[in-house]
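Q: need a structure here:
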Amino acid sequence: MIILPALEQDFEWIKVIQSEAGLPLWKPSSASWVLERSAFVIWQVAGDECELLSIAVNAHERGKGYAKALMEHSHKELAKQGIKKFFLEVRENNTAAISLYKKFGYEKIAERKKYYADGECAVVMNLILN
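A: Residues are numbered from 1 along each chain as shown. Predicted coordinates for the structure are as follows:
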């Protein structure tokens, strides 16, 4: 698997995956990576913290470990930049994503009631590196 920094031109195919997954449209930032034009991750960095804005895998490529690879890569690269705290929000019914995040050591720290437009709650999770 080849993971590369996301470029501005990657937004065209990222936008398609985001739309198909029903995700908000986030443009790649300096803390964004892509994997084989089939998956992407976008983070927002502030000081020694960062927030996962979006991660998705093309529906036809799921089950190949792409999300796991992107999370591993992100944690490694962001830790090199001095990031110590990672945050994310995930739909409470997205059990596959929650399971993935827990495997990396993320813990639930809060819940946002009726956070999404359809009324679903968001689970807020974090990971703090030593």
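
Q: Provide the backbone phi and psi angles at the closest residue in space to Lys113 that isn't next to it in sequence.
A: Spatial nearest neighbour of Lys113, chain neighbours left out: Cys121 (5.4 Å); criterion: Cβ to Cβ, 6 or more residues apart in numbering. (Glycine included, C-beta is placed from N, CA and C.) In terms of degrees, to the nearest 10, the main-chain angles of Cys121 are phi -80, psi 160.

Q: By mean pLDDT, flag the weakest helix or strand of the chain.
A: helix 11-21 (a mean of 93; mean pLDDT, DSSP states H and E).

Q: which residues touch it?
A: With contact meaning Cβ atoms under 8 Å, 6 or more residues apart in numbering, helix 11-21 is reached by 6, 23-28, 34, 37, 39-40, 42, 54, 56-59.

Q: Buried only: go through these for me.
A: Among the contacts of helix 11-21, those buried by neighbour count (16 or more other Cβ atoms under 10 Å) are 6, 23, 26, 28, 34, 39-40, 42, 54, 56-58.

Q: what about the strands in this structure?
A: 3-5, 32-35, 39-46, 49-57, 85-91, 107-112, 122-128 (DSSP state E).

Q: Go ahead and flag the most central residue of the protein.
A: Ile55 (3.4 Å; Cα atoms, centre = their mean).

Q: Mind listing the residues bridging to the nearest residue to it once chain neighbours are set aside?
A: In space, Ile55 comes closest to Val41 once its chain neighbours are excluded; the distance is 4.4 Å by Cβ to Cβ, 6+ apart. Beta-bridge partners for Val41, by DSSP bridges, are Trp33, Ile55.

Q: Can you check the distance spanned by stretch 102-118, start to finish?
A: Distance between the two ends of stretch 102-118: 25 Å, counting by Cα to Cα, to the nearest Å.

Q: what's the distance between that stretch and the middle of its chain?
A: Stretch 102-118 sits 13 Å away from the centroid of its parent chain (Cα atoms, centre = their mean, to the nearest Å).
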